[in-house]
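*Asks:* give me a 3D structure for the following:
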Amino acid sequence: MDRSWMSKDRMSREYEEGVEYFINFALEHCPNQSGIRCPYMQCGNLINHTPNKIREHMFFNGIDQSYRTWYWHGETGPTSRQTTKMAQCYDTMDCGDVASTFMTNPMSFKKLLEYVEKPLYPG
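*Replies:* Residues are numbered from 1 along each chain as shown. Reported below is the predicted structural model:
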């Protein structure tokens, strides 16, 4: 099943079917029979709940929209080919010589630290 249901109206039939699919998938792959990890944003896949409680959280609050690969519920990640391709991308990423930049211009590092301390928004 595709994951488009996750962003649908929580009152829709598609969303309801998606929630049931998710719960059944999680139960099939769950090592802990006392509860499954809750994908609601505030639970963050850290808190185990009963299927009924998870269903309640998903209908009242929704599911974490970024949780597209259900790692915490037994789904495997990307294939090794994709992982290798991503690793190659990161291996060839050039960030320059950061250390020498700050060593030759320590004021730029001091300025960077000052920026970090400033709030992003007033108040």
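*Asks:* would you say residue 25 is within a helix?
*Replies:* Yes - counting by DSSP: H, G, I helix; E, B strand; the rest coil, residue 25 is located in a helix.
*Asks:* burial check on it, number of neighbours?
*Replies:* Around residue 25 there are 16 other residues, counting by other Cβ atoms under 10 Å. Using the backbone N, CA and C atoms, a C-beta is placed for each residue, glycine as well.
*Asks:* tell me the pLDDT of the residue nearest to it when sequence neighbours are not counted.
*Replies:* Closest residue to residue 25 apart from its sequence neighbours, by Cβ to Cβ, 6 or more residues apart in numbering: residue 73 at 6.3 Å. Per-residue pLDDT puts residue 73 at 88.
*Asks:* confirm for me that residue 73 is in contact with residue 36.
*Replies:* Yes - contact criterion Cβ atoms under 8 Å: residue 73 and residue 36 qualify, at 6.7 Å.
*Asks:* residue 16: neighbour count?
*Replies:* 16.
*Asks:* so it sits in a helix?
*Replies:* Yes - counting by three-state DSSP, residue 16 is located in a helix.
*Asks:* and it, how far from residue 49?
*Replies:* In this structure, residue 16 and residue 49 are 18 Å apart, going by Cβ to Cβ, to the nearest Å.
*Asks:* over to residue 104?
*Replies:* 54 Å.
*Asks:* same question, residue 43
*Replies:* Applying Cβ to Cβ, the value for residue 43 to residue 49 is 7 Å.
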